[in-house]
Every structure is written in C-alpha cells, then in structure tokens.
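Asker: sequence and computational prediction follow.
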Amino acid sequence: MASPRRQSGRRPESSDDRHVMYKHASIYPTEEELQAIQTAVSHTERALRLVSDTLAEESSQQGTLVSPPPRMLKGVVRVGILAKGLVLRGDHSVQLTLLCSKKPTHSLLQRIKQELPRELSIVAEDKYEVSSDHDANIVISACVEPGVKVTVSATSPLMREDPSVKQELQDSLSDPEDILDRERCLETLAALRHAKWFQARASGLQPCVIVIRVLRDLCRCLPPWGALPAWAMELLVEKVLSSAPRPLSPGDAMRRVLEYHALRLVAFRQIHKVLHMEHLPPRTRFGARKRMREASQTQEGARERKRGRQGTAGLP
C-alpha cells in the first residue's frame, strides 16, 4: 500500500524551497508598512477625484455649449511596484499615473498642486505635504511614519504620434507652450502598459511573483544585479517560468531563472560575469601565431627523433 505522501503526489519541500521562502518572508513588507501605503494611496486617489470635479465644474461654467466639455482629468491609475504587488520591506515610495484628456501642461500640474492640500484635508485627518520634483511630478508625502511618498505623473494618449494622421496635420495642431516633456509622458504610458501586462501574465503564474520579489531585493542590494532593469527582469522571469513543462516549486523556479540568466550571459560572451571574474583581454594574433609556430616546431622535432630511432634500429 502506498504511503499517504506518495498518494498525494506532492513533492516534499527541498532545501532550496526553504531558503527561497525564508528569504521571501524576510523581505515581505510588514503589515504596518502595507497599511500605511494603502492609506496614503487611497487618500491621494480620493483627493485627485475631488480636484477633477473642481476642474470639471469650472470648465462647464466657462463653456457655452449645451453638452459639458470632457473632463480634463480622466482618471488615476496605479503603476509600478504598487500595481504589480512587488512592494518590499522598506519600500515607501509608490507611483500613480494621472490620465488627461488633453496633452498635460506645467500650468495644469501647478493648478492641481494648488488644489491638492485643500482636498487632502477634506478626505483625511492625516497631514500631507505636497511638492514637485525635477521631472514635473507631484509628490504627496505623509507626515507620519513611515513617511510614505506618492508620486503622481501626468500623461495622455495624445502624446503618442498617430501614424494615421498626416504629418502636415500634426504640424498644424500646435501644442501648448508649457507642455510636459514628451519622452517623460511616453515613459509614463509605457509604465501603464507594463502594469497591465504584469497583471495579465505574471500575477497568476506561480511562483512568479515570489521569484521577482527575491530578485528585486538582489537588485537593490548587490551592484551586479542592480544593472538589470526591472522591466527586463520581469520579462525574463515570466518567460522562463511560463515555458516550464510543469508547475515549479519556489526553489526550482529560482534555479531555472538563474540558469537562463547565466545562459544568456554566456551566449553574449559575458561568461566572466557568471564566473565572477575580470574579463580577460583578447589574444593577440602575434601571440597566437607564435604558439602555433612553436607547436609545429615541436611536432617536427618529434618526427625527426622518431626517424632517427628507426634508422639506428636497422643497423647491424
């Protein structure tokens, strides 16, 4: 009769599994950190909705059309580690994206920044500081520990170039003078796409999120891993685990990812990184020719000595 463990079909937990799960437990955020992040994000989202209502009321009062104009602020979306569920212990900075119906401008962000303190005081009793950074983002900082910072970036789908629209027409549609940097807005749109992709492909793939959290901790602690972009790392882990022939345990999943990462480095002639050593300089052609010449001379000398032994063996 088979044992209950063999009947269940479950593989016993290996040493690798225990190490990976212990590491994951040590870097997972505490309940207090998660609650502080959720509170700050919720307050910021509610305050931004009130700001959107205020701007919409002003636009409807100034408009002369029967139908009200579209809202300038269409919505606020969570992106980055917040949307992907990759927050680690010690991560107190999260990102939100503010979608605009028109191309966002510096004056629009300045107006939102002016309205936010009043709206935050309405939705929350906690104290917040509102500022801006060098990338024209709005930063909402909680005044209580652990000091969560919510960075709000504005963008619009209109910042993309539409290939269906002729270039002459695009040139005729003049942009506002204080429009936000286009590259920054495109990066924000890319962050939106990355968050949607992650939620659709990686969130439900076990143990993809666990492995990515562990690798994120390695990226922020070890300089060699820090050179790996977050988006590239997430793509790598998802592709490696989704191509596995069977569901993997946390230890096997980590092993498979590291194998593929090392194989990629070897394929692109970076085996010195796998071996944790300095890159050796390439061999010079002169040195290679010299070694080949020395080898040929050695072989020729061996043949001459062999002929000499054969000749002396035939003498009486």
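Answerer: That came through, no problem. Numbering: from 1, shown residues only.
Asker: spatially nearest residue to residue 278 (excluding sequence neighbours)?
Answerer: Counting by C-beta to C-beta, 6 or more residues apart in numbering, residue 278 lies nearest to residue 272, which is 6.5 Å off, once chain neighbours are set aside. Heads up, the C-betas are built off the backbone N, CA and C, glycines and all.
Asker: I'd guessed that neighbour sits against residue 280; true?
Answerer: Yes - at 7.1 Å, residue 272 counts as touching residue 280 under the criterion of C-beta atoms under 8 Å.
Asker: okay, the two: which has more neighbours?
Answerer: Set side by side, residue 272 and residue 280 show more neighbours around residue 272, with 12 against 8, by other C-beta atoms under 10 Å.
Asker: what sits against the more buried one?
Answerer: Counting by C-beta atoms under 8 Å, 6 or more residues apart in numbering, residue 272 makes contact with 278-280.
Asker: look at it and report its pLDDT.
Answerer: pLDDT for residue 272: 78.
Asker: distance of it relative to residue 12?
Answerer: As judged by C-beta to C-beta, to the nearest Å, residue 272 and residue 12 stand 37 Å apart.
Asker: residues contacting residue 128?
Answerer: 40, 43, 117, 120, 140-143.
Asker: hmm, 7 Å instead?
Answerer: Contact analysis of residue 128 by C-beta atoms under 7 Å, 6 or more residues apart in numbering lists 120, 140-143.
Asker: with residue 247 instead?
Answerer: Residues near residue 247 by C-beta under 7 Å, 6+ apart: residue 206.
Asker: now the helix or strand residue 209 falls within: average pLDDT?
Answerer: In this structure, residue 209 sits in helix 208-221 according to DSSP states H and E. Mean pLDDT, helix 208-221: 94.
Asker: least trustworthy helix or strand in this structure by mean pLDDT?
Answerer: helix 4-8 (a mean of 45; mean pLDDT, DSSP states H and E).
Asker: next SSE downstream of it?
Answerer: Counting by DSSP H and E, the element after helix 4-8 in chain order, helix or strand, is helix 15-27.
Asker: who's in contact with that next one?
Answerer: Identification of contacts with helix 15-27 by C-beta under 7 Å, 6+ apart yields 88-89, 210, 213-214, 217, 249-251, 254-255.
Asker: which stretches of the stretch 101-250 of the chain have low pLDDT?
Answerer: Low-confidence segments of the stretch 101-250 of the chain (pLDDT under 70): 162-173.
Asker: try 50 this time
Answerer: Residues of the stretch 101-250 of the chain that meet the criterion pLDDT under 50 lie in 169, 172.
Asker: residue ranges of the helices in it, please?
Answerer: Using DSSP state H, counting those that start in this stretch, the helices found in the stretch 101-250 of the chain span residues 106-123, 167-172, 182-201, 208-221, 223-226, 230-242, 250-267.
Asker: tell me which residues in the fourth one are buried?
Answerer: In this case it means helix 208-221. Buried residues in helix 208-221, counted by 16 or more other C-beta atoms under 10 Å: 208-217, 219.
Asker: what's that helix packed up against?
Answerer: Using 3 or more C-beta pairs under 7 Å, 6 or more residues apart in numbering; DSSP states H and E as the contact test, the elements touching helix 208-221 are helix 15-27, helix 223-226, helix 230-242, helix 250-267.
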